[in-house]
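Student: Give me a model of this one.
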Amino acid sequence: MMIFELIIQLMNPRKRRVLALAEMNMEKDKFLLFKKEFLREFGNSEFVRDLERAFTKNGKVRSGAAPAEREGQTYIARKGVP
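Tutor: Residues are numbered from 1 along each chain as shown. Coordinates of the predicted model:
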């Protein structure tokens, strides 16, 4: 498993637990705002994109990491990339 995929896989259960705790302790309207911001910050639009940038340089994968699949697009390693 690539480092990138492992990080995402380890983050997802933690995100679910944080959201469950927030839902139990917040009013519904406040929770919905929190959830939206939390998922924007730690989901594909912020965290995953920043992680992809950290593991790639000039479109080439570094350190054995692979960018995430987005919207049905599959990223294919080029020749010379493990």
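Student: F42: neighbouring residues, count only.
Tutor: The number of residues packed near F42 is 17, by other CB atoms under 10 Å. For every residue, glycine as well, the C-beta is placed using N, CA and C.
Student: Does it touch M11 like I think?
Tutor: Yes - contact between F42 and M11 holds when scored by CB atoms under 8 Å: they sit 7.0 Å apart.
Student: average pLDDT across the lengthiest helix in the chain?
Tutor: The longest helix of the chain (DSSP state H) is helix 3-25. Across helix 3-25, the average pLDDT comes to 93.
Student: What is it packed up against?
Tutor: helix 28-42, helix 47-55 (3 or more CB pairs under 8 Å, 6 or more residues apart in numbering; DSSP states H and E).
Student: Report the inter-axis angle for that helix versus helix 28-42.
Tutor: 170 degrees (axes from the mean of the first three to the mean of the last three CA atoms, to 10 degrees).
Student: hang on, the earlier thing: would you format the helices and strands packed on helix 3-25 as a markdown table with mean pLDDT included?
Tutor: Putting the helices and strands packed on helix 3-25 into a markdown table (pLDDT from 0 to 100) gives the following:
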| stretch | mean pLDDT |
| --- | --- |
| helix 28-42 | 95 |
| helix 47-55 | 86 |
